[in-house]
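> Need the 3D shape of this:
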Amino acid sequence: MSTLLITGGTVVSATGRTEADVLVDGEKVVAVLAPGSTLLGHDLTGSVDRVVDATGKYVIPGGIDAHTHFELPFGGTNASDTFETGTRAAAWGGTTSVIDFAVQRTGERVEDGLAAWHEKAAGSCAIDYGFHQIIGGVDEFSLKSMELLADEGITSYKLFMAYPGVFYSDDAQILKAMQKAADLGLLTMMHAENGPAIDVLAEQLYRQGKTTPYFHGVARAWQMEEEATHRAIMLADVTGAPLYVVHVSAKQAVEQLAAARDRGKNVFGETCPQYLYLSLEDQLGASSQEWGDLEGAKWVCSTPLRSREEGHQHAMWQGLRTNDLQMVSTDHCPFCMKDQKELGKGDFRAIPNGIGSIEHRMDLMYQGVVTGEISLERWVELTSTTPARMFGLYGTKGVIAPGADADVVVYDPNGHTSIGVGKTHHMNMDHSAWEGFEIDGHVDVVISRGEVLVSDGEYHGRAGHGSYLKRGLSQYLI
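Sure thing, here's the model as predicted:
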């Protein structure tokens, strides 16, 4: 096993920062030392196999993106990033672990869906990976299969209150699944939108000739998210099941989460970079010479981008500061415009839902530090430490400490990153949802379990380096 020493940097955790050197032996961090320490010898730099100079830079635990969808079948096509291309892009951006979603639909076996995702990922990932389980068909067989998930290291599962005919669960099914989850200690993840009502609104808009991507956001009104979030909280309250609401975008949904948390409930929420920066007016309503009004399809996702005029973006940042929202994931589900997003030309309902962001999450959130939206420590907490705690990985992931995996990022606050195709773009997409964004910082070095994946602007990773993460129960519950 090789040894590596990161010197001269400022180690940042969720609780503070300190000047320190980090010693790695093989796949693990073995020491965090005061600068110049002779505790392990007088010439430590000369005794290791490799030295990484982090002078003037931040040394942080590798990012954990706990919400990704590689190769997801959706809308008659598949998400364009494979486990190989998606995890490579993640590594470029300072993310060293992902949790993707294995899929089960109505009429399918949970075990078969899980096996299919293991097959997709095995030997393909550049970074470590785990799974949540989508339960898209709640019945006696899938409920029984939930008993097997924890033994597989899958301690969270996802239900949908949206997408009737695809993943949708009604209230009775949700209640039964939550009762089972409460018994097993599993964390319920919820896509909280009132799908049947949304479908009615979308059909009405289409019949009125309102077919452009902008109306995707109109049909999926914030009331549909607030109502479903409240309903999910009430069902969780009845059953005693912990609840984690994914991709929160409406300020009214944050208010529902905050109220439940004020009552001492195990209710949590994540948001995504797109809900912090992008909007209904600027993106979904966009037009271009190449695509015309279909330009907005680049940003069609669900929950949708919200109105900037209504202040949803400000509310998301505030929720992150007050811990009414605990995490930032990407919901990375990329589709190309050509042959994929353009399926919805003339009918916004046929646009595959998803945005590609896995490469840019760490940078986009760091820009929030630069602009004063969050602190440096909160950046680390939101993107690494809390994801590790929430999903049963903390201690191994999410921290730089002896015994932890050597997942480390050296981040240069004096660097600069220009996002866009032909600039910083390694995702398997023909466009960037973040074209033209400028970041006042730069990912310099990325280390996964002691192996340097990115340094000096070069990629040194490989498919198959990533290991499957067998997760424990959530470490974040009250």
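
> Now the terminal residues of stretch 5-24, how far apart.
Its first and final residues considered, stretch 5-24 spans 6 Å by C-alpha to C-alpha, to the nearest Å.

> Which parts of this protein are helices?
Assigned by DSSP state H, the chain shows helices spanning 44-47, 83-92, 110-121, 140-145, 171-184, 195-207, 214-219, 222-239, 251-262, 273-277, 312-322, 361-370, 376-380, 386-390.

> give the contact list for residue 352.
74-77, 300, 335, 340-341, 343-344 (C-beta atoms under 8 Å, 6 or more residues apart in numbering). Quick note: C-beta positions are derived from backbone N, CA and C, even for glycine.

> Now for those residues: which two are most distant?
76 and 300 (14.5 Å; C-beta to C-beta).

> How far off centre is the longest strand along the chain?
Counting residues, the longest strand found in the chain (DSSP state E) is strand 95-105. Relative to the chain's own centre, strand 95-105 is displaced by 9 Å; criterion: C-alpha atoms, centre = their mean, to the nearest Å.

> same check, this time on stretch 245-254
On C-alpha atoms, centre = their mean, the centre of stretch 245-254 falls 15 Å from that of its chain.

> Could I have the CA atoms of it written out in CSV?
What follows is stretch 245-254, C-alpha atoms only, in CSV (Å, rounded to 0.1, in the frame of the first residue of the first chain):
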residue,chain,number,x,y,z
VAL,A,245,-38.5,14.7,1.2
VAL,A,246,-36.5,14.9,-2.0
HIS,A,247,-35.8,17.9,-4.3
VAL,A,248,-37.8,20.5,-2.4
SER,A,249,-38.3,23.5,-4.6
ALA,A,250,-41.3,25.5,-3.2
LYS,A,251,-41.0,27.8,-0.2
GLN,A,252,-44.3,26.6,1.0
ALA,A,253,-43.1,23.1,1.2
VAL,A,254,-40.1,24.2,3.3
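
> hmm, back to that, could you check which of residue 76 and residue 300 is surrounded by more residues?
residue 300 (26 against 9; other C-beta atoms under 10 Å).

> Would you enumerate the residues in contact with the closest residue to the more buried one other than its chain neighbours?
Closest residue to residue 300 apart from its sequence neighbours, by C-beta to C-beta, 6 or more residues apart in numbering: residue 351 at 4.5 Å. Contacts for residue 351 (C-beta under 8 Å, 6+ apart) come out as 75, 213, 216, 297, 300, 341, 343-344.

> Switch those over to CSV; also include pLDDT and distance to residue 414.
Below are the contacts of residue 351 laid out as CSV (pLDDT from 0 to 100; distance: C-beta to C-beta, whole Å):
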residue, pLDDT, distance to residue 414
75, 79, 43
213, 98, 38
216, 98, 40
297, 98, 37
300, 98, 36
341, 97, 37
343, 96, 43
344, 96, 42
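
> Let's see if you can find the most crowded of those residues.
For the contacts of residue 351, neighbours tallied by other C-beta under 10 Å; top is residue 341, 30 neighbours.

> check contacts around that residue.
So residue 341 contacts 294, 297-298, 300, 335, 351-352 (C-beta under 8 Å, 6+ apart).

> if we can go back for a sec, mind checking pLDDT for the residue nearest to residue 300?
We have a pLDDT of 97 for residue 351.

> same check, this time on residue 39
83.

> wait, it sits on residue 33?
Yes - if you go by C-beta atoms under 8 Å, residue 39 and residue 33 touch, sitting 6.3 Å apart.

> Those two: who's more crowded?
Neighbours were counted for residue 39 and for residue 33 using other C-beta under 10 Å; residue 33 has more, 17 against 8.

> The residue nearest to that one when sequence neighbours are not counted and residue 55, how far apart?
Counting by C-beta to C-beta, 6+ apart, residue 33 lies nearest to residue 21, which is 4.7 Å off, once chain neighbours are set aside. For residue 21, the distance to residue 55 equals 11 Å [C-beta to C-beta, to the nearest Å].

> With neighbour numbers in mind, choose between the two.
Neighbour tally, residue 21 and residue 55, criterion other C-beta under 10 Å: the higher count belongs to residue 21, 24 against 8.

> what residues are up against the more buried one?
Residue 21 neighbours (C-beta under 8 Å, 6+ apart): 5-9, 32-35, 37, 44.

> Filter those down to the ones in strands?
5-7, 32-33.

> Just checking: what are the partner strands of the longest strand of the chain?
Sheet pairing of strand 95-105 (DSSP bridges) gives strand 63-68 (parallel), strand 128-136 (parallel).

> Mean confidence (pLDDT) on the last one, please.
The one in question is strand 128-136. The model assigns strand 128-136 a mean pLDDT of 97.

> In the protein, which residue is most central in space?
In the chain, the centroid-proximal residue (C-alpha atoms, centre = their mean) is residue 329; its distance is 2.5 Å.

> Verify the stated contact: that one with residue 269.
No - contact criterion C-beta under 8 Å: residue 329 and residue 269 do not qualify, at 10.7 Å.

> Cool, thanks, signing off.
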